[in-house]
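Novice: how does the following fold in three dimensions:
(chains A and B)
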Amino acid sequence: MDSCDVERLNELLEQDVELREKIKDQVTDLDKKTRNMVGVLNKIHSTSPESIPGLIDSVRPMLHSCQTTSAAMAALIPPSQFWRWKEMWTNSLRTAIFSAALVEFLATGKLISLPEVCQILGIKDEWKGRFALPVEDYLHGLISLVNELSRLAVNAVTLGNFEAPIQISIFVKDLFAGFSMLNLKNDTLRRRFDSLKYDLKKIEEVVYDVSLRKLAPPPQGGRQI
Amino acid sequence: MGTHRESVVGAFEEFRQEIDEHHDRRERLIKISRDATNLSKKVIFLLHRTMIEESNNDSNPSLRVVRRGREKLREVQALYAQIRLEVQAERFWLYHRAVSPGLQEYIEALGFAHYLEHGTMVSYEQVQLSLSDENGIPYFTLPKEDYLLGLSDVTGELMRFAISGIAQKGGRARAREVCAFVRQCKAGKSVSLTIVCKDFERFTPYVKELSKKQAVTSQSLEKIEDAVYAIVVRGSEYDIPPDMLDDLIAQSISTFSSTTNAKSRLGQRDVRSGDDYDDEI
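Specialist: Model (predicted):
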């Protein structure tokens, strides 16, 4: 092995190490932001329906602050190397996606779309190859959303909100129908998808309890199949 | 709410398509990578085998042997040319784990052939160039990690090469050459490997792989060193030039082999030329 060859190779490897350090700093930053968001969003379990909009409004600026991180990442990562480094921020990004999806659900009762998440987190199409939002991560974020909603269904009833479980039930069933269409391999996504049925069951039980005692009006638009 | 479900299902239909495409492509690449591994392994065996066969009747057989090896390696290169479009731009790193094992095996075969021909280690640029089209445009950018991991394996082949050839003409001098070379490689590589290890601390499988390979290199080196030691010690007992020693040994081997019955020799040859014996280190 040529010694000057080794030198050059080592130089290149050192550069990768430096890049990794820089990305790590950004991930730490993103982690801080997502932790704060999740902390605030945790209050939904103890907040009355009237105060929810105020709570959401306090999370929105935090979500938007992720845009600076996205831009910083896109600037750091060399062209076409997105997948090389992606593993570093996967978890943080999934939490951010989850937060965005939860906020959207609480605000509109709808499922946030992938392009909408990109827009909120400031991830631009032209960064493709450097920084992007893969479908897989979006789906992971949605499963976290279902996990959270099954808790919310229970706690909403405790707070006296008897309609929430029904709304959640319909939403989650739609989502489950979507997930059922995917051909998943034996990976983490598949395992987490498999656990969705327990969330579904939990929500069903709450809806059952509430309807049985006639605490909530029957869902509008007739029966959901 | 019915419209909500429709929009959800519509979106997931697109996801399904994307996910299916991804899995299919990954499967294809894994298959091709496996083919590349197998072909490269065959090249390595071919090189070992022909080196042993040819060195009996020629003083400098490496060139002919290497030419045959390189021909075979062109088949592997053709495989990589074939996946070029599948791993374009950012997709290469998406499928890196599928492609990496075959790539390392290819580098090992190429590195071994290169050593036999030039007596040096193949450089990163040379490997990259071998994975480029006729205009010199790379099929993909070769990861430095794979290059280093592939080189680690070359030292194992060199060990086998040195030891199996030790009883042949010029084999002892060759063993000492290889010994010095591997020692140098190990030193150069261990610097790089510490960097890579540091770099990949998050990917535990990589670190394990790296330190394992480095340990194997040390082991190989030790084996060669032991063999060279034996040569020096025993050689010192006779005060004759190495060329004469070679002739002496060749003579005794030929008288020995003419007296052994042909049947057992035939059997031995068969084992040696079998392509699928296990890779033992």
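
Novice: please count neighbours and contacts with C-alpha atoms only from this point.
Specialist: Fine.

Novice: residue of chain A nearest chain B, please.
Specialist: residue A:80 (3.8 Å; C-alpha to the nearest C-alpha).

Novice: quick one: the helices in chain A, in order.
Specialist: Using DSSP state H, the helices found in chain A span residues A:3-41, A:52-76, A:82-85, A:90-108, A:114-121, A:135-158, A:164-180, A:188-212.

Novice: may I see the buried residues of the fourth one?
Specialist: Of the residues in helix A:90-108, those scored as buried under the neighbour-count criterion (16 or more other C-alpha atoms under 10 Å in any protein chain shown) are A:90-106.

Novice: same check, this time on the second one
Specialist: Buried residues in helix A:52-76, counted by 16+ other C-alpha under 10 Å: A:52, A:55-56, A:59-60, A:62-63, A:65-67, A:69-71, A:73-74, A:76.

Novice: with the fifth one instead?
Specialist: Going by neighbour count (16+ other C-alpha under 10 Å), the buried part of helix A:114-121 is A:114, A:117-118, A:120-121.

Novice: please apply the same query to stretch B:136-154.
Specialist: B:138-140, B:142, B:144-154.

Novice: quick check: of the buried residues of helix A:52-76, which lies closest to residue A:43?
Specialist: residue A:55 (8.2 Å; C-alpha to C-alpha).

Novice: so how far is residue A:37 from the closest one?
Specialist: According to C-alpha to C-alpha, to the nearest Å, residue A:55 and residue A:37 sit 11 Å apart.

Novice: what comes up buried for the helix or strand where residue B:228 lies?
Specialist: Counting by DSSP states H and E, the element that carries residue B:228 is helix B:204-235. By neighbour count on 16+ other C-alpha under 10 Å, the buried set for helix B:204-235 is B:206-207, B:210, B:213-214, B:216-221, B:223-225, B:227-228, B:231.

Novice: ok, back up a step: weakest of the helices of chain A in terms of mean pLDDT?
Specialist: If the helices of chain A are sorted by mean pLDDT, helix A:3-41 sits at the bottom with a mean of 86.

Novice: now the angle from it to helix A:52-76?
Specialist: Here the directions of helix A:3-41 and helix A:52-76 differ by 170 degrees (axes from the mean of the first three to the mean of the last three C-alpha atoms, to 10 degrees).

Novice: now do the buried residues in helix A:3-41.
Specialist: Neighbour-count burial for helix A:3-41 [16+ other C-alpha under 10 Å]: A:6, A:9-10, A:13-14, A:16-17, A:19-20, A:23, A:26-27, A:30-31, A:33-34, A:37-38, A:41.

Novice: also near chain B: which of those, exactly?
Specialist: Subset of those in contact with chain B: A:6, A:9-10, A:13-14, A:16-17, A:20, counting by C-alpha under 8 Å from any C-alpha of the partner chain.

Novice: now the residues you listed as TSV including distance to residue B:18?
Specialist: Listed next are these as TSV, based on distance: C-alpha to C-alpha, whole Å:
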residue	distance to residue B:18
A:6	41
A:9	37
A:10	38
A:13	33
A:14	36
A:16	30
A:17	32
A:20	29
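
Novice: ok, of the residues you listed, which one's closest to residue B:87?
Specialist: For those, the nearest to residue B:87 is residue A:16 (21.2 Å; C-alpha to C-alpha).
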